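Enquirer: For reference, the sequence and a predicted model appear below.
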Amino acid sequence: MCTEKDAIINWSAPIDRVYNLIRGTNLQPGATTYFHGKRLKIFDAKPIYDFVGGLPGQIVNSSADGFVVSLKRGVILVQKVQVNKSSKIEAAEFAEQARLEIGDRLGE
């Protein structure tokens, strides 16, 4: 059984490893990262291999579809998240509520 300790995202890992962690922990317990001291669980995401972003864990784009996080050799489009123990929400809604900006980094 996968625990929350097993589900912490290492944004410096290769894109396939991060994507598979997110897929493998969706529905429980969710892949875990942090943003401004708050626990952020990622549930739905899509890998994009042909896009070069910034530093590992850095937000490089945001749209109505979600927000895009940079990794080695690609990026991940994050589509559904959960902050702390609240309900799951669309990543675009979280980005707006948290005032997520291009250049912000997850995992801090």
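Expert: That came in fine, so what should we check first?
Enquirer: Which residue is the nearest non-sequential neighbour of Glu4?
Expert: Once flanking residues are discounted, Glu4 sits nearest to Pro29: 4.7 Å by CB to CB, 6 or more residues apart in numbering. Where you see a C-beta, it was placed from the backbone N, CA and C, and this is true even at glycine.
Enquirer: Which helix or strand contains that neighbour?
Expert: Using DSSP states H and E, Pro29 is not contained in any helix or strand.
Enquirer: can you give me the strands in the protein?
Expert: Taking DSSP state E as the criterion, the chain contains strands spanning 31-35, 38-48, 59-63, 66-71, 74-83, 89-90.
Enquirer: follow-up on the earlier one: give me the pLDDT for the residue nearest to Glu4.
Expert: Note on Pro29: pLDDT of 91.
Enquirer: Next up, phi/psi of it, please.
Expert: Dihedral pair for Pro29: phi -90, psi 0, per degrees, to the nearest 10.
Enquirer: if we can go back for a sec, for Arg17, which of the strands of the chain is the nearest?
Expert: When those are compared by CB to CB, strand 66-71 sits nearest Arg17, at 8.9 Å.
Enquirer: Does anything pack onto that closest one? Which helices or strands?
Expert: Secondary structure elements in contact with strand 66-71, counted by 3 or more CB pairs under 8 Å, 6 or more residues apart in numbering; DSSP states H and E, are strand 59-63, strand 74-83, helix 91-97.
Enquirer: Quickly compare these and say which is most buried.
Expert: strand 74-83 (a mean of 21; mean count of other CB atoms under 10 Å).
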